[in-house]
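J.: compute the structure for the input listed below.
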Amino acid sequence: MHPTRMALALLLVGSFAPAQTPAAPKAAADKAPTTSQVLERQLAGLEREFVPAAEAMPEAAFDFAPTTGEFKGVKTFAQQVRHVASANFMFAAGILGEKPPVDLGGENGPEALKTKAEVIKYLKDSFTFAHRAFGGITDANATASIPAPWGKGSTTRLYLASLTVAHAFDHYGQMAVYLRMNGIIPPASRKP
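T.: Next comes the predicted model:
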């Protein structure tokens, strides 16, 4: 899907406010959410699925990667988590027009993060930073041209926010497979 269409689709999907209860005042039901509120809702939904999935993998299997079939050179579970956290920091820094507050490392995030606890803290910190960035997106600045955080060209805050969610859910899908290959049902898929 074309990146602009993907960003628009993500924005539209998240823009529908939850159903109002019959007792809700009419004024509250008529008030449209702000761009920031829509994006924050998407980020919070991602965080509610992604962090528990990362926490569900036992420390002993945190460096798991499939080895049978067409899996040569794929990221380990820990690398998937570090990669997403680094991307969260990079995209959020781009939204804010700041340098990332942490070392992003290479393609797989900072190699210095070895333990599960270190990786999970890095992940949670990346969501905290992303929430700060998303909170500053307004109708007025969402589509303004800003420098792309990857160093070439320009982009928009709306695109970076949408990319944050889409990118992480792509890796979440891979992590869900890794969890299931280790006999673990991803927390978001467990029956209540």
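J.: do a quick rundown of the strands in this structure.
T.: 145-147, 154-156 (DSSP state E).
J.: looking at the protein, which helix or strand is least sure?
T.: Lowest on mean pLDDT, DSSP states H and E among the helices and strands of the chain sits helix 3-14, with a mean of 45.
J.: related to what we said a few turns ago, hey, which of the strands of the chain is tucked in deepest?
T.: Ranked by mean neighbour count, those are led by strand 154-156 with a mean of 16 (mean count of other Cβ atoms under 10 Å). For every residue, glycine as well, the C-beta is placed using N, CA and C.
J.: direction included, what does that strand pair against?
T.: Looking at strand 154-156 with DSSP bridges, its partner strands are strand 145-147 (antiparallel).
J.: as JSON lines, the strands of the chain with distance to residue 52 would be great.
T.: Formatted as JSON lines, those follow (distance: least, Cβ to Cβ, whole Å):
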{"stretch": "strand 145-147", "distance to residue 52": "32"}
{"stretch": "strand 154-156", "distance to residue 52": "30"}
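J.: who does the lengthiest helix in the chain touch, helix- and strand-wise?
T.: If you go by DSSP state H, the chain has its longest helix at helix 157-181. Packed against helix 157-181, as judged by 3 or more Cβ pairs under 8 Å, 6 or more residues apart in numbering; DSSP states H and E, are the following elements: helix 3-14, helix 35-56, helix 77-96, helix 116-135.
J.: let's see that with 10 Å instead.
T.: helix 3-14, helix 35-56, helix 77-96, helix 116-135, strand 145-147 (3 or more Cβ pairs under 10 Å, 6 or more residues apart in numbering; DSSP states H and E).
J.: for residue 107, which of the strands of the chain is the nearest?
T.: Residue 107 sits nearest to strand 154-156 of all the strands of the chain, at 19.8 Å, using Cβ to Cβ.
J.: mean confidence for that closest one?
T.: If you average the pLDDT over strand 154-156, you get 98.
J.: neighbouring contacts of it?
T.: Identification of contacts with strand 154-156 by Cβ atoms under 10 Å, 6 or more residues apart in numbering yields 3-4, 7, 91, 94-95, 137, 141-149, 162-163.
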